[in-house]
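[1] Turn this into a structure:
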Amino acid sequence: MKEFSSRTRISNIKKLKENHYDLLIIGGGILGAGVARDASMRGLKVALIEANDFAFGTSSRSSKLVHGGIRYLENLEFHLVFEALSERAKLFEIAPHLAHPLRFMVPLFKDSRVGMFKMGLGMMLYDLLALFQTPELHERLSRKKTLDRMPIVRGDDLVGSFIYSDGYMDDDRLVHETLRVANEFDTCAVNYVRAQKSVIKSGKVTHVEAEDILTKEKLTISCDHVVSTVGPWTDLVGPKLVDDWKSLLRPTKGIHLTLHKDRLPLTSAVVMAAQKSSRIVFAIPRHEMIIIGTTDTDFTGSPDLAKVTLADVTYLLKIANEYFPGAKLTEQDIISTYVGVRPLVKDDSANESKTSREHVILPDSRGFTFVAGGKYTTYRLISEQIMTQVMKSWTIEKKLSIKNCQTNSPLNDYTSVENYHQALSKVENETEQKLAERYGLEAYEMLEKFGEAQSYWQIEAYQAIYTTMCLNLVDFYSRRVPLMLAERDHGLSSLEEIAEVFQSELNWTEQETIAQKNNLLDYIDNELSWRKKLS
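    Next comes the predicted model:
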């Protein structure tokens, strides 16, 4: 596949200034990447700009689940669940290296808000809405079988449990892999470029003025249509593009915390219900770590300012300890925390958790399409729907020149289901195993291409630099690999060898390298700033 690196960025900045685009996408999260892939595979000339790193916002700060949303059945959002389950099945097919099936346990107690009978009906409906395209159908377990399966779950007042199937994913990597495909089809994608305002002539957008944040260079990007996929920044970016913007969002904040799996040795994910609330919290095993989350509280202000608070952490620990009292989890067990802001669309719900996860696509006759809301799992379908909406305003001649949607195909040839399993069957050592699980057959090309690497993390660093436009250590640690979330030392024991690769490949001076390391330390300290409240 084509290089997608800092060199690509320099070339693409030049293209942004010189070329005219059918479509300019503002926002490099999963929806922006999805639209870029969809549009470029149809044969359109596409540009994408992102004000920070790709996947900087909610797209790297989710619960990292591929799921239909079983709890949305209670809100009677059957259409949303049906779509999500259909897209879940597609994601398992097109990205088997990024999306994996996972079993979930729902323990039920005497005082649970939903009893065994009602939960059983919900499970049957969930399997039915999936059209039985699910890795495994649900199971009903007695109290004894529940404790046999999950000995650490609370036994007091336990009635039984249900087991059902959903999945987990690498959310940030799905963005990067999707953008790699878009790059392969000549999308001109650039990170660290901020849209500042639109230029409208004769009632139609003709240009967007932007700034390269790294060089402060001003850019004027010529385009026929603009799609805004900026998630929780929608109400901040909208007024820059149109002067009659009306607020769309009811943002909510969600935080997660991570533990090492030896502190909570789960055999499957566990669905936990907050007492006296309809809020659901997950405990999700992922390799060597457990993710616990999420919260759901109204949030105002810039998403850049969202923080994890000690109260957030205490809330999640309390729920986890109610379900796993023997674990006696404390703040000291937490490896890392992260916070994201959901771009939920305003409705009349009094409760944050009742606010719909449905998305809206808002066309504007001046040549804009604004997108808000939606579930991560359905990003591919939403991207297709966005393109359908965009093309409604085009001439028949232009429509006829454009291909149909192509995004049901695997993200790349390395990771079709067949090739992915072939890659796993060839492994001969731990490094090959790790790389094959993450990259499929491309793992063996990486080992050949980056043969000078001295360690697994150096190979990952080379890959990030040359295939994901990774420009600094913070972006690598937080949105390319799970070092910060999964390692007790946040991966700092590998910092020198990783920094060595970045310094060599990005031509950093010694002073720049030191500054990059310090930026990473500051970032980790800021992400865990709630700990200062403990003393």
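
[2] pull the CA atoms of the host helix or strand of V339 into PDB?
    Using DSSP states H and E, V339 sits in strand 334-342. Only the C-alpha atoms of strand 334-342 are listed here, as PDB (Å, rounded to 0.1, in the frame of the first residue of the first chain):
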ATOM      1  CA  ILE A 334      -5.900   1.900  38.000                       C
ATOM      2  CA  ILE A 335      -3.300   2.000  35.200                       C
ATOM      3  CA  SER A 336      -4.900   4.700  33.100                       C
ATOM      4  CA  THR A 337      -8.100   6.700  32.500                       C
ATOM      5  CA  TYR A 338      -9.500   8.400  29.400                       C
ATOM      6  CA  VAL A 339     -12.400  10.700  28.600                       C
ATOM      7  CA  GLY A 340     -14.500  11.200  25.500                       C
ATOM      8  CA  VAL A 341     -17.400  13.400  24.600                       C
ATOM      9  CA  ARG A 342     -20.400  11.900  22.800                       C
END
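
[3] and that strand, which strands flank it?
    strand 252-260 (antiparallel) (DSSP bridges).

[4] quick one: contacts of the partner strand?
    With Cβ atoms under 8 Å, 6 or more residues apart in numbering as the test, strand 252-260 has contacts from 61, 63, 288-299, 306, 308, 312-313, 316-317, 329, 333-342, 344, 352, 355, 485-486, 488. Backbone N, C-alpha and C define where each C-beta goes, glycine included.

[5] Low-confidence ranges, the stretch 351-500 of the chain, go.
    Across the stretch 351-500 of the chain, the ranges flagged by pLDDT under 70 are 351-356.

[6] again, only using 80
    Residue ranges of the stretch 351-500 of the chain with pLDDT under 80: 351-357, 451-452.

[7] What segments of it are helices?
    Secondary structure of the stretch 351-500 of the chain, counting by DSSP state H, counting those that start in this stretch: helices at 379-391, 396-400, 417-425, 430-439, 442-449, 456-467, 473-479, 483-486, 495-505.

[8] Need the CA coordinates for the last one. CSV is fine.
    It refers to helix 495-505. C-alpha atoms of helix 495-505 as CSV (Å, rounded to 0.1, in the frame of the first residue of the first chain):
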residue,chain,number,x,y,z
LEU,A,495,10.4,5.2,25.5
GLU,A,496,14.1,5.5,24.6
GLU,A,497,14.0,2.8,21.8
ILE,A,498,10.7,4.3,20.4
ALA,A,499,12.0,7.9,20.5
GLU,A,500,15.2,6.7,18.7
VAL,A,501,13.0,5.6,15.7
PHE,A,502,11.1,8.8,15.6
GLN,A,503,14.2,10.9,15.9
SER,A,504,15.8,9.0,13.0
GLU,A,505,12.8,8.9,10.7
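
[9] residues of it that come out buried?
    Buried positions in helix 495-505, judged by neighbour count with 16 or more other Cβ atoms under 10 Å: L495, I498, A499, V501, F502, Q503, E505.

[10] Next SSE downstream of it?
    Sequence order places helix 510-527 as the next helix or strand after helix 495-505, per DSSP H and E.

[11] got the buried residues for that next one?
    Neighbour-count burial for helix 510-527 flags T513, Q516, K517, L520, Y523, I524, E527 (criterion: 16+ other Cβ under 10 Å).
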